[in-house]
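Colleague: sequence unknown, structure follows:
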């Protein structure tokens, strides 16, 4: 399955980096810890980091009912125009020439109109998915949201329709005439790594560390 | 030195997480490998991941002269309204309750009008800074941009005036009545880590690995 490119999801440069297949897009969304949400506050762009979760072909975000994105969505009955961008940095690409320096990365851009979730079951499912995005199964090992918490928290839903990924991998691409220069060239692989989990100060020392934290892995 | 809060850089929630001191802001900008640039394409928000560099109180970004942000800036003689957001994820915060799950993070939001850099010396300095942002001193060990490359690449400058940081650290904060629940609670520290540098396939095997790559560190 693939998403259909649109003018807005067709890059003007490096078209060979574009990806529209669902597996690539889902893989990036599911691996990333956070996303960056862009929306308009008045006529000005705002970009906020936030957590996300995917259920099928819908991306969910959440926020305080008094926060900027939720207020903007509440004022947009047709849906709030947003751009959600998710980026994984896989490495630094060092070339012999300054201008061929690059990054290895995998990114997804989702464009569309985000809607406030009003159905209680969908909202509870989305909030559980946001916790499970951190660690699969975690939501079942927590105290679920109560009515007060549900009233203070809004969930935004964005369908995965106008979606594209971009992927760069591999080594530097220097101009042929630069290959003999004496500068080191190559890739420094980067990844998000987890240190051992640190129990809360007030945790009963007898509480077992869940399997999904021993060790924690993102991929 | 501190930046002056404005209505747009004063959070509506978690005000205790806001920071305006220059050292905190500069530290986050300088540590982050990438930023997310938000701007308007027509009336719709667009968020793109890109690299950045700071020189004093100016943030520099770059892009193809045919790319979206540069075309938008060229069409905005008063400067292109942008929001540049930089986020470092320091850990997952797992609480006994679903809704007290959180992240430890350090983020910076820069609001303002980005201008296209037209001065050649400033442009060359910014492009060198973008390379040095990856590894200090690296720009002096590369072939500098030539006229063709300079003509194909634009630099955007954004002054650090309307700026704020947000920082969350520490363990989970559960409600008192949840403390006796049997669920594990604590923090999983996350960080960007580098694997050993991988030389390019076409690199002369006699080329020494620069000191800044052995090992590479971001902080």
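Modeller: Sure thing, it's come through. These figures come from a predicted structure and were not determined experimentally.
Colleague: for chain A, longest helix please?
Modeller: helix A:120-134 (DSSP state H).
Colleague: next one: the helix or strand following that one to chain centre, how far?
Modeller: Remark: after helix A:120-134, the chain's next helix or strand is helix A:147-152, criterion DSSP states H and E. Relative to its chain's centre, helix A:147-152 lies at 25 Å (Cα atoms, centre = their mean, to the nearest Å).
Colleague: Pull out the buried positions in helix A:147-152.
Modeller: A:149, A:150 (16 or more other Cβ atoms under 10 Å in any protein chain shown). Every C-beta, even on glycine, is put in place using the N, C-alpha and C of the backbone.
Colleague: same thing with stretch A:124-140?
Modeller: Neighbour-count burial for stretch A:124-140 [16+ other Cβ under 10 Å]: A:124-135, A:138-139.
Colleague: what's residue A:112 sitting at in phi/psi?
Modeller: Backbone geometry at residue A:112, expressed as degrees, to the nearest 10, gives phi 160, psi -170.
Colleague: Please determine how far the closest residue to residue A:181 other than its chain neighbours is located from residue A:172.
Modeller: Nearest residue to residue A:181, sequence neighbours excluded (Cβ to Cβ, 6 or more residues apart in numbering or on different chains): residue A:96, at 4.4 Å. Going from residue A:96 to residue A:172 by Cβ to Cβ, to the nearest Å gives 7 Å.
Colleague: and residue A:116, what are its bridge partners?
Modeller: With DSSP bridges as the criterion, residue A:116 is bridged to residue A:156.
Colleague: now it: how far from residue B:62?
Modeller: 37 Å.
Colleague: cool, residue A:68 as well?
Modeller: 29 Å.
Colleague: out of the two, which sits in the busier spot?
Modeller: residue B:62 (22 against 18; other Cβ atoms under 10 Å in any protein chain shown).
Colleague: ok so the more buried one is a strand residue?
Modeller: Yes - the assignment for residue B:62 by DSSP: H, G, I helix; E, B strand; the rest coil puts it in a strand.
Colleague: which non-adjacent residue is nearest it?
Modeller: residue B:155 is the one closest to residue B:62 (Cβ to Cβ, 6+ apart), at 4.9 Å.
Colleague: quick one: contacts for the one you found?
Modeller: Contacts for residue B:155 were tallied using Cβ atoms under 8 Å, 6 or more residues apart in numbering or on different chains; they are B:60, B:61, B:62, B:116, B:117, B:122, B:123, B:126, B:127.
Colleague: same deal with residue A:39?
Modeller: Residue A:39 touches A:45, A:46, A:68, A:69, A:72, A:80, A:81, A:82, A:83, A:114, B:45, counting by Cβ under 8 Å, 6+ apart.
Colleague: Save those as TSV, and put in secondary structure too.
Modeller: Output for these, formatted as TSV (three-state DSSP):
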residue	secondary structure
A:45	strand
A:46	strand
A:68	helix
A:69	helix
A:72	helix
A:80	strand
A:81	strand
A:82	strand
A:83	strand
A:114	strand
B:45	strand
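Colleague: Out of those, flag the one nearest to residue B:108.
Modeller: Of all the contacts of residue A:39, residue B:108 sits closest to residue A:46, with 13.6 Å by Cβ to Cβ.
Colleague: among the buried residues of stretch A:124-140, which are within reach of chain B?
Modeller: Applying Cβ under 8 Å from any Cβ of the partner chain to the buried residues of stretch A:124-140, one finds that A:127, A:128, A:130, A:131, A:134, A:135, A:138, A:139 fall near chain B.
Colleague: one step back: and the longest helix of chain A, what does it pack against?
Modeller: strand A:53-55, strand A:58-64, helix A:147-152, strand A:153-159 (3 or more Cβ pairs under 8 Å, 6 or more residues apart in numbering or on different chains; DSSP states H and E).
Colleague: from the middle of its chain, how far away would that helix be?
Modeller: Centre-to-centre, helix A:120-134 and its host chain are 16 Å apart (Cα atoms, centre = their mean).
Colleague: sec struct for the residue of chain A positioned farthest from its centre, please.
Modeller: Distance from the C-alpha centroid of chain A peaks at residue A:180, with 39.8 Å (Cα atoms, centre = their mean). Under three-state DSSP, residue A:180 falls in the coil class.
Colleague: Next one: it relative to residue A:116, how far apart?
Modeller: 59 Å.
Colleague: cool, residue A:51 as well?
Modeller: For residue A:51, the distance to residue A:116 - Cβ to Cβ - is 17 Å.
Colleague: swap in residue A:176?
Modeller: Taking Cβ to Cβ, one finds residue A:176 at 55 Å from residue A:116.
Colleague: how far does stretch A:45-60 stretch from start to finish?
Modeller: With Cα to Cα, to the nearest Å as the measure, the ends of stretch A:45-60 fall 20 Å from one another.
Colleague: I misspoke; the intended subject was stretch A:15-34.
Modeller: First-to-last distance for stretch A:15-34 - Cα to Cα - comes to 25 Å.
Colleague: Is it positioned near chain B?
Modeller: Yes - Stretch A:15-34 reaches chain B (Cβ under 8 Å from any Cβ) through A:33, A:34.
Colleague: Next, the buried residues of that stretch.
Modeller: Applying 16+ other Cβ under 10 Å to stretch A:15-34 flags A:17, A:19, A:20, A:24, A:25, A:26, A:27, A:28, A:29, A:32, A:33, A:34 as buried.
Colleague: do the same with stretch A:202-218
Modeller: Buried, per 16+ other Cβ under 10 Å, within stretch A:202-218: A:203, A:207, A:210, A:212, A:213, A:216, A:218.
Colleague: residues contacting the fourth one?
Modeller: Going back to what we said before, that points to residue A:212. A:135, A:136, A:137, A:138.
Colleague: Isn't residue A:24 up against residue A:169?
Modeller: No - taking Cβ atoms under 8 Å as the definition, residue A:24 is not a contact partner of residue A:169, at 11.9 Å.
Colleague: Before we move on, what's the pLDDT of the closest residue in space to residue A:113 that isn't next to it in sequence?
Modeller: Once flanking residues are discounted, residue A:113 sits nearest to residue A:79: 2.7 Å by Cβ to Cβ, 6+ apart. Looking at residue A:79, its pLDDT stands at 97.
Colleague: quick one, what contacts residue A:79?
Modeller: By Cβ under 8 Å, 6+ apart, the contact set of residue A:79 is A:73, A:112, A:113, A:114, A:115.
Colleague: No more questions from me, cheers.
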